[in-house]
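>>> fold the following for me, if possible:
(chains A and B)
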Amino acid sequence: MKPAYGVWGLILLLIIAHQDIWFWEDTTLVFGFLPIALAYHAGISLAAAFTWYLATQFCWPTDQEPSVQRKETP
Amino acid sequence: MPQLLIICGYLALLLILGLGASRLFRGTSQDYMLASHSIGPFLLLMSIFGTTMTAFALVGSTGEAFKEGVGVYGMLASSSGIIHSLCFFLLGVKVWKLGKKYGYRTQVQFFRDRLESRWIGAVLFPVLVGLVIPYLLIGVMASGTVINKVTAGTIRDGQVVGGTFEEGTFPQFLEQAKNPRSDAPASFTYGSQGGVPKPLASLAICGIVLIYVFLGGMRGTTWANTFQTLVFMILGLVTFVVIAWRLGGQESFWASLQMASNSIPIEKLTRTHIPPEKFFTYMLVPLSVGMFPHLFQHWLTARSAESFKLPIFAHPLFIAIVWVPCVLIGAWATSDLISIPPPVAANPNAVLPFLVKQLAGPVLSGLLTAGILAAIMSSLDSQFLCLGTMFTEDVVRPFYGQRSLSDRQQLLIARLFIIGIVALTYALSLFEPRRVFTLGVWCFSGFSSLFPLIVAALYWPRLTKQGAYACILAAAGSWLWLFCASDFAAQANFTVNIPVPTAIDLDGYWQLMPVAAMIACSTVTMILVSLLTRPPSQATVDRFFPKT
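Predicted coordinates:
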């Protein structure tokens, strides 16, 4: 499997993991101060950053530097 | 008074920065509007992040967490971390490539070419401007509230004590306001409370941002955005530490954090009052970044495609750094550790500035306020600049022809239009305030309903001119209809309810965010009309979808 498919799979997984109905009524405080609903979604943000880093490494299009096809506008 | 002096000092610093950027201004409209495509990864990250994190992120998120609890983070922050970067990746890089290749400065120019329609701007331009106005309104309203609350006195036994200004310093209409929850006459207690009156504070912020945008153009705006983003991120974290420590009241910071969070009422820790389907459809709201005109313009400033890499993966991290502390602070404000007076509780936009004022000393609260204002102004500037660019490029130049106006005339026209729109927004801000968060969600929902258009324009060769017109009209029509149904955002928890069997949902209906209905409406209309009308010419398809 190409790494790019894996990265897009991770992004889909993040979208699914975002719907955390399992923590809907949970009042646990992680480390004694961070409500679990907030801690979990902060974790989603960190996971998103890592996944998007992978996307820039493995899914980056190769033809992104265009040749300019116009006269310079003032 | 120290707070006011610090705020004035910060605003003066911004003007100096704008002046510095104006010395590097190359004098062309290309430099004024797009900084000559010279922005590298770090500046691009800071300007894009600063632009997307507005009063909504600081003032709005704290106020909404105060009202609805910690679920607010999942509703918009973590979803934005996924969706915003998705838009930068799939849309931003492609838009930049086409913009650089064909010389686009605005969305309308791109759509005009892609759709082979000279008049697409006549429909798209008013819709985009109409949606930017509520976005501007958020910043204008919030800046007035923040400055007012930080310079205001406290209320003891129904009297204002310790304000910066005595009652009677300003005309009565600036100092007095009505309690929105009663029919009692307007009073000083519900008005300026000895602080700078909101209308004056909002006016000052509009003036400052206008001046540095006019002086420095896109280069000045990018510099100011970067500076302000750094300021609000650093001071935001300081605010969090100070509020946590003072509110928890323990010896160590850690113990104070635990004390503050242990005091949050249970209903604010859970999401029992948020239907899961509503939470799910909230995820469609961040799609708005795909159609923000000011973000489109920021994308075009990039030096190269590589410049996008850092913003794409750092954006979710930055969102967490700003939103987690704000949501926690909003939830702490509901605890019994602090008493929120009724005028503040009635206006969630005032919760953050109230806490800053109450829990930090005068000097520190002045600095922290500068941080909050930095977040607000770093969005206003891009929006102001973008409005001017759109008006010049999409209305004036097509009307007068490409070469009939000098650069100087174009800049003048752009500036006059910006002043006109800011004056209109300012006038709207004087009416009864709405919750920043609610107004923000309506504004973003409108842009999200146009998201199918940009995706189809970039990835679906079969999109036709008629399909695009139908999409824009369906998006604008459904937005207007639902916005009116919500009593112009006065119903903060307005949803579109879809009947379902009770076997699926015990309530007998699904409560969806209005954005879901709008996107469905615009997408279906666009696809159907495109399929029923003549496809675009082969030349256009070859131009925008070259075979590799």
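>>> could you use CA atoms for every contact and neighbour count after this?
Noted.
>>> ok, B:Pro126 - how many residues close by?
11 (other CA atoms under 10 Å in any protein chain shown).
>>> what of B:Pro499?
12.
>>> is it true that it touches B:Gln511?
No: using CA atoms under 8 Å as the test, B:Pro499 is too far from B:Gln511 to be in contact (9.0 Å).
>>> what sits closest to B:Pro353 if chain neighbours are left out?
Distance criterion CA to CA, 6 or more residues apart in numbering or on different chains; nearest residue to B:Pro353, sequence neighbours excluded, is B:Val146 at 5.4 Å.
>>> check which helix or strand covers the one you found.
Taking DSSP states H and E as the definition, B:Val146 sits inside helix B:120-151.
>>> mind checking how far that helix is from the chain centre?
Average the C-alpha atoms of helix B:120-151, do the same for its chain, and the two points are 8 Å apart (CA atoms, centre = their mean, to the nearest Å).
>>> which helix or strand lies directly C-terminal to that helix?
Downstream of helix B:120-151, the next assigned helix or strand under DSSP H and E is strand B:154-156.
>>> run the chain-centre distance for whichever helix or strand comes after that next one.
Sequence-wise, the next helix or strand downstream of strand B:154-156 (DSSP H and E) is strand B:159-161. Its chain's average C-alpha position is 34 Å from that of strand B:159-161, according to CA atoms, centre = their mean.
>>> list the helices and strands strand B:159-161 packs on?
Counting contacts by 3 or more CA pairs under 8 Å, 6 or more residues apart in numbering or on different chains; DSSP states H and E, strand B:159-161 packs against strand B:154-156.
>>> what about B:Met283, how many residues nearby?
Applying other CA under 10 Å, we find 24 residues neighbouring B:Met283.
>>> and the helices in chain A?
A:3-17, A:36-58 (DSSP state H).
>>> correction: the stretch 201-350 of chain B
For the stretch 201-350 of chain B, the helices defined by DSSP state H, counting those that start in this stretch cover B:253-262, B:266-269, B:276-282, B:293-300, B:309-332, B:342-345.
>>> B:Ser117: which of these is closest?
Nearest of the helices of the stretch 201-350 of chain B to B:Ser117, taken as CA to CA: helix B:293-300 at 19.0 Å.
>>> does that closest one come close to chain A?
No: residues of helix B:293-300 contacting chain A under CA under 8 Å from any CA of the partner chain: none, with a closest distance of 13.0 Å.
>>> please state the offset of that helix from the chain centre?
Relative to its chain's centre, helix B:293-300 lies at 14 Å (CA atoms, centre = their mean).
>>> for stretch B:470-490, same thing?
How far stretch B:470-490 lies from its chain's middle: 19 Å, per CA atoms, centre = their mean.
>>> ditto for stretch B:249-261
Centre to centre, stretch against its chain (CA atoms, centre = their mean), the figure for stretch B:249-261 is 32 Å.
>>> so for it, what gets flagged as buried?
Neighbour-count burial for stretch B:249-261 flags B:Gly249, B:Gln250, B:Phe253, B:Trp254, B:Ala255, B:Ser256, B:Leu257, B:Gln258, B:Met259, B:Ala260, B:Ser261 (criterion: 16 or more other CA atoms under 10 Å in any protein chain shown).
>>> list the residues that contact the residue nearest to the spatial centre of chain A.
Centroid-nearest residue in chain A, with CA atoms, centre = their mean: A:Ala48, separated by 2.6 Å. By CA atoms under 8 Å, 6 or more residues apart in numbering or on different chains, the contact set of A:Ala48 is A:Ile11, A:Leu14, B:Gly81, B:Ile82, B:Phe313, B:Pro316.
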